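> What follows is a predicted protein model with its sequence.
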Amino acid sequence: MERMSLAKLCGKSSSEEFMTSVLERQVLHSEKCVSSFEIEALLSTQTLNSLFARYPLQPSRYQLIKDGTVDRDAPRHSAGGMDPKYIAAAYAEGQTIRLNSVHESVPAVGALCRDLAEECKCAVFANVYMTPARNPGFDPHYDDHDVLVIQCHGSKEWRIHDEYANRTALPLAGFQFDAQKYVPGPPTRSLMLNAGDTLYIPRGHMHSARAQDAGSVHITLSLNWPTWNELLMDVIARSSLDDVDMRRAIVSSCQSHGDAMPHIRALLDRAFESRAVEDSLGSLLSGYKGAYLEGDPIGVVAGTEYLSVAGEGAP
């Protein structure tokens, strides 16, 4: 089976083409990038259903999306987890199921994330969304990381809202989405993803999605590229360990804006001429390697089929 590289998943000739023409610039819908054989190997319905064989289910890994947002009041088993039967009933009533950190529980998904992380020089994580037929997932929102969607089963319509109140370009990790502040304008694009299609959405681009006539299952890969601001902050932090002047109180050297500027320039010049730049760059571009479990991935537990997730005609 061909390795699922970034270029393959985005329908590009090379990852360099993606980086220079697509990354952070545009939403990209790519059709038929993943074959039915590859989907079966990555996330078959049998593998998916096996994730519900544990009892009770760990609440941080299994969430329900109700009325466009995560249901924080879903009942839990007395042992602290969630009951698979309750989740199945909620799904039947139209709620979306989100499976978090699937890269840690499905070996094939974990391998894909590690491969993409090595290629892209960033941490890559995976969640799975299971949406019942003719139902939505989240309300319109943006993410603080880039996402790459792989449609596995069924079809889903994605709506892109190019305009919204207080639009934020490339929000940093930790920028909290506020539905009251970032009110979406009308959707400007509608993209239909069928099984095997992919969709890249840069952070800050508002979107929403709805399953079509059968249940939809897709994998969302979060791509967490290091940014220039992280590099700059890390260089300053590293330099301060070796440069005592960076650790001095501001008032010991200046009392005004005019006095401060020469000191700032001198400190920055020393920081960016030091080894800290090389160390910071190397750390940020290899830091993703610490984001994955050492050794073999956690195996999937085979079990009873609790949910019918694929819909009619799914593989």
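That came through fine.

> Going by C-alpha atoms from here, please, whenever you check contacts or count neighbours.
Will do.

> quick one: S13 and A7 touch, right?
Yes. The criterion here is Cα atoms under 8 Å, and S13 meets it with A7 at 6.0 Å.

> For D213, give me its contacts.
A133, R134, G154, S155 (Cα atoms under 8 Å, 6 or more residues apart in numbering).

> Look up the pLDDT of the last one for me, please.
Listed pLDDT for S155 reads 98.

> Can you show me the strands along the protein?
With DSSP state E as the criterion, the chain has strands at 28-30, 62-66, 69-70, 96-99, 123-131, 146-153, 156-161, 189-193, 198-201, 206-211, 216-224.

> would you turn those strands into JSON lines with distance to D269?
Formatted as JSON lines, the strands of the chain follow (distance: least, Cα to Cα, whole Å):
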{"stretch": "strand 28-30", "distance to D269": "40"}
{"stretch": "strand 62-66", "distance to D269": "49"}
{"stretch": "strand 69-70", "distance to D269": "47"}
{"stretch": "strand 96-99", "distance to D269": "47"}
{"stretch": "strand 123-131", "distance to D269": "31"}
{"stretch": "strand 146-153", "distance to D269": "33"}
{"stretch": "strand 156-161", "distance to D269": "42"}
{"stretch": "strand 189-193", "distance to D269": "46"}
{"stretch": "strand 198-201", "distance to D269": "37"}
{"stretch": "strand 206-211", "distance to D269": "39"}
{"stretch": "strand 216-224", "distance to D269": "29"}
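
> ok, and the closest non-adjacent residue to the residue nearest the centre of the chain?
Centroid-nearest residue in the chain: S222, 2.0 Å away (criterion: Cα atoms, centre = their mean). Nearest non-adjacent residue to S222, counting by Cα to Cα, 6 or more residues apart in numbering: V147, 4.7 Å away.

> cool, and H29?
Leaving aside its chain neighbours, H29 sits nearest to L199 (4.5 Å; criterion: Cα to Cα, 6+ apart).

> got it, and K121?
In space, K121 is closest to L285, 5.4 Å off (Cα to Cα, 6+ apart).

> ditto for G11
S30 (5.8 Å).

> OK, contacts around the one you found?
L9, C10, G11, D197, T198, L199.

> Columns neighbour count and pLDDT on top of these, output as a markdown table?
Output for the contacts of S30, formatted as a markdown table (neighbours: other Cα atoms under 10 Å; pLDDT from 0 to 100):
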| residue | neighbour count | pLDDT |
| --- | --- | --- |
| L9 | 23 | 97 |
| C10 | 26 | 96 |
| G11 | 20 | 95 |
| D197 | 23 | 98 |
| T198 | 26 | 98 |
| L199 | 22 | 98 |
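
> Among these, which one sits closest to F138?
Nearest to F138, judged by Cα to Cα, of those is L199 at 16.4 Å.

> low-scoring pLDDT stretches of the protein, where are they?
Within the chain, the ranges that satisfy pLDDT under 70 run 1-2, 78, 293-315.

> if we go to 90?
Within the chain, the stretches with pLDDT under 90 are 1-3, 49, 52-60, 72-86, 168, 173-176, 251-261, 263, 274, 287-315.

> Quick one: end-to-end length of stretch 251-262, please.
For stretch 251-262, the first and last residues are 14 Å from each other (Cα to Cα, to the nearest Å).

> tell me which residues in that stretch are buried?
For stretch 251-262, the neighbour count (16 or more other Cα atoms under 10 Å) marks no residue as buried.

> how far out from the middle of the chain is it?
43 Å (Cα atoms, centre = their mean, to the nearest Å).

> cool, and stretch 170-181?
For stretch 170-181, the distance to the chain centre is 14 Å (Cα atoms, centre = their mean).

> Please give me every residue in contact with the residue nearest to K121.
Applying Cα under 8 Å, 6+ apart, the residues near L285 are K121, C122, P226.

> Contacts only, for the residue nearest to H29.
L199 touches C10, V27, L28, H29, S30, L148, V149, I150, L193, counting by Cα under 8 Å, 6+ apart.
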